[in-house]
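[1] sequence unknown, structure follows:
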């Protein structure tokens, strides 16, 4: 990729070639995981593709939001500037879907930036795209990402070479602005931030397990037990597949869920 | 509405009647305006309806995101707990659409809470639902909301009796958590905030005209000239309609765009 930071905002007038972004759209994604970064990219003048195996509309994890893909795995541009995977309550589905994993591995081989937020990095890890990288994820998914051999960061936005990642759901906005700044320059990011009026004033202080406290954390554990179990099982399945196809089986660090997590 | 704050989280298990939310879904909405509040409502266990005149998928203002309505104006529950209107680059369309205005006036007559973010309040104002109320909106739309006779607040989230409103785009997350706290209790809001990991760390300080500075504000003025003009024209049209149907024509304060804006 040539340096695009010098000629922005020509991307908004069509006078510069837009960056091509491919976002994986899958059944059971979290809509806000997708729409936060999408908005920062689109406002900065990037061309964003919502990519799925077919053009059939895709339902979010709460069952209430149905979003249409804009292109398919086959028709998506061969060469993406940015590959992005949102998280979701059913992230285990793309993790275990051979067509999705093959598409990510293919586009990931040439994309300039390989990115994800929330538990989306689990899908990139299943596709073998995070080996040897430090990566952020939703606080509740850190132990599972570590099981896949990824060095887990507790940062809200983590940059390791061309891997950009973010924490849970709303971290996608901070992540998106960071990606925009690195690819199109700080002016583009500040423009997007102003248009989005991103000057947050959370009415409560409960955005982390520490600030929310044990009662609220216990409620999350109770009401997310089903997707949490499905994710654990999917990670086990990926590890079994790796062991079956490798002469050096990957050890499962599940016995110590905190292994591999680096506090930043 | 009975006090729902005491029996939450029974809404998450189906043991309590969920609050019914009606979100106006219209061509040219801003997807993040909609998905931020949607996510807070859905996480707290509310039943959220995406409502349009027909079930045809609806395209966002940047043309890249297509979302399916879940119900129609006719089939939406008669009695809504929360009526919500997101903003959008083509907000002038619902403002000038008789079927939309009629539906908002109808459901607004009985809804417990009448709410909007970004430039969404312009649609509520066009439907006559904000007369005599203090209301927040996107910073760039304040002058136009004031022209419709609404007392404009510069708060990020504004509460005036049962009218809840928020500033631009991302303010919808702060707004949504505030609505959840008022309807289902602070515990429900803190639960949603933790699941969304809403612990924002904006990488830049550019979320307001003051912090972004004149160069970035000028870029927004340049690249949003078309929707800004369309919105001004729509407000003029609403004022002309009011004048034509009223024996006391509403004066147009366009000559002084800052009239009616209260700095909080």
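    Structure's in. What do you need? Predicted model, so just to flag it, every value in this text is computed and none were measured.
[2] may I ask you to name the longest helix in chain A?
    helix A:225-245 (DSSP state H).
[3] what about residue A:227, distance to chain B?
    Applying CB to the nearest CB, to the nearest Å, the value for residue A:227 to chain B is 11 Å. From N, CA and C alone the C-beta is placed, and that goes for glycine too.
[4] buried set for stretch A:12-26?
    A:12, A:16, A:18-26 (16 or more other CB atoms under 10 Å in any protein chain shown).
[5] ok, back up a step: name the residues that touch the longest helix of chain A?
    If you take CB atoms under 8 Å, 6 or more residues apart in numbering or on different chains as the criterion, helix A:225-245 is touched by A:61, A:89-92, A:95-96, A:119, A:122, A:125-126, A:140-141, A:144, A:147-148, A:221, A:249-250, A:252, A:254.
[6] now the buried members of the residues you listed.
    Using 16+ other CB under 10 Å, the buried members of these are A:61, A:89-92, A:95-96, A:119, A:122, A:125-126, A:140-141, A:144, A:147-148, A:250.
[7] re earlier: just the contacts of helix A:225-245 that are near chain B?
    Among those, no residue lies close to chain B (CB under 8 Å from any CB of the partner chain).
[8] work out which residue lies at the spatial centre of chain A.
    Nearest to the mean C-alpha position of chain A, by CA atoms, centre = their mean, lies residue A:116 at 1.9 Å.
[9] am I right that it falls within a strand?
    Yes - looking at residue A:116 with DSSP: H, G, I helix; E, B strand; the rest coil, it is inside a strand.
[10] please name the nearest non-neighbouring residue to it.
    residue A:85 (4.1 Å; CB to CB, 6 or more residues apart in numbering or on different chains).
[11] which residues does the one you found contact?
    Counting by CB under 8 Å, 6+ apart, residue A:85 has contacts A:23-24, A:94, A:104, A:115-116, A:120-121, A:123-124.
[12] in TSV: the buried residues of stretch A:12-26, plus secondary structure, distance to chain B and pLDDT.
    Listed next are these as TSV, based on DSSP: H, G, I helix; E, B strand; the rest coil; distance: CB to the nearest CB, whole Å; pLDDT from 0 to 100:
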residue	secondary structure	distance to chain B	pLDDT
A:12	helix	5	90
A:16	coil	14	90
A:18	coil	12	94
A:19	coil	14	96
A:20	strand	13	97
A:21	strand	10	98
A:22	strand	13	98
A:23	strand	10	98
A:24	strand	15	98
A:25	coil	10	98
A:26	coil	16	98
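[13] about what we covered before: for the longest helix of chain A, what is the average pLDDT?
    Helix A:225-245 carries an average pLDDT of 96.
[14] show me which positions of it end up buried.
    Quick answer for helix A:225-245 (16+ other CB under 10 Å): A:227-228, A:230-232, A:234-235, A:238-239, A:242.
[15] where do the strands of the stretch 151-264 of chain A begin and end?
    For the stretch 151-264 of chain A, strands defined by DSSP state E, counting those that start in this stretch occupy the ranges A:151-153, A:157-160, A:163-166, A:261-262.
[16] just checking, what packs against the second one?
    For strand A:157-160, the packing partners by 3 or more CB pairs under 8 Å, 6 or more residues apart in numbering or on different chains; DSSP states H and E come out as strand A:134-136, strand A:163-166, helix A:171-184.
[17] what's it in contact with?
    A:133-136, A:153, A:164-167, A:171, A:174-175, A:178, A:182, A:264, B:201, B:203.
[18] using ChimeraX, make a named selection holding only the buried ones among these.
    Selection of buried members from these for ChimeraX, criterion 16+ other CB under 10 Å:
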select /A:133,134,135,136,153,164,165,166,167,171,174,175,178,182 /B:203
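[19] which among the buried residues of helix A:225-245 gets closest to residue B:70?
    residue A:227 (21.9 Å; CB to CB).
[20] near chain B, which residues of the stretch 1-150 of chain A show up?
    A:9, A:12, A:30-32, A:35-36, A:38-39, A:42-43, A:48, A:50, A:57, A:62, A:64-68, A:70, A:118, A:138-139.
[21] check residue A:248 and give its pLDDT.
    Residue A:248 is given a pLDDT of 52.
[22] then residue A:256?
    56.
[23] run through the stretch 101-250 of chain A and note the low-pLDDT ranges.
    A:247-250 (pLDDT under 70).
[24] how about the strands of the stretch 151-264 of chain A, which one is nearest residue A:100?
    Of these, nearest to residue A:100 by CB to CB is strand A:163-166, at 18.3 Å.
[25] wondering if that closest one reaches chain B at all.
    No - using CB under 8 Å from any CB, strand A:163-166 stays clear of chain B, with a minimum separation of 9.1 Å.
[26] packing partners for that strand?
    strand A:113-117, strand A:134-136, strand A:157-160, helix A:171-184.
[27] turn the ones you listed into a markdown table, columns for distance to residue B:213.
    Putting those into a markdown table (distance: least, CB to CB, whole Å) gives the following:
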| stretch | distance to residue B:213 |
| --- | --- |
| strand A:113-117 | 28 |
| strand A:134-136 | 30 |
| strand A:157-160 | 23 |
| helix A:171-184 | 16 |
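[28] now do the contacts for residue A:97.
    Residue A:97 neighbours (CB under 8 Å, 6+ apart): residue A:26.
[29] equivalent analysis for residue A:200, please.
    B:170, B:173-174, B:200, B:202, B:207.
[30] over to residue A:137?
    A:87, A:116-122, A:145, A:152, A:165, A:167-168.
[31] now with 7 Å?
    By CB atoms under 7 Å, 6 or more residues apart in numbering or on different chains, residue A:137 lies in contact with A:118-119, A:121, A:145, A:152, A:165, A:167.
[32] rewinding a little: and the contacts of residue A:85, which is closest to residue B:78?
    After measuring the contacts of residue A:85 against residue B:78 - CB to CB - the closest member comes out as residue A:23, at 37.5 Å.
[33] bridging residues for the closest one?
    Taking DSSP bridges as the rule, residue A:23 bridges to residue A:50, residue A:84.
[34] right, and residue A:103 touches residue A:75 too?
    No - counting by CB atoms under 7 Å, residue A:103 does not reach residue A:75; the two are 11.3 Å apart.
[35] more neighbours: which of those two?
    Between residue A:103 and residue A:75, residue A:103 has the larger neighbour count (other CB atoms under 10 Å in any protein chain shown), namely 23 against 11.
[36] what distance do you get for that one to residue B:178?
    40 Å (CB to CB, to the nearest Å).
[37] and for residue A:75?
    42 Å.
[38] what of residue A:223?
    For residue A:223, the distance to residue B:178 - CB to CB - is 22 Å.
[39] likewise for residue A:66?
    Taken as CB to CB, the span from residue A:66 to residue B:178 is 27 Å.
[40] same question for residue A:70.
    For residue A:70, the distance to residue B:178 - CB to CB - is 33 Å.
[41] try residue A:52
    Taking CB to CB, one finds residue A:52 at 34 Å from residue B:178.
[42] repeat that for residue A:61.
    24 Å.
[43] could you do residue A:46 as well?
    For residue A:46 relative to residue B:178 (CB to CB), the value is 32 Å.
[44] just the helices in the stretch 1-150 of chain A please.
    A:10-13, A:31-43, A:92-95, A:98-108, A:121-126, A:142-147 (DSSP state H, counting those that start in this stretch).
[45] any chance you could list what contacts the first one?
    Contacts made with helix A:10-13 from outside it, assessed by CB under 7 Å, 6+ apart, are listed as A:16, A:18, A:44-45, A:184, B:223.
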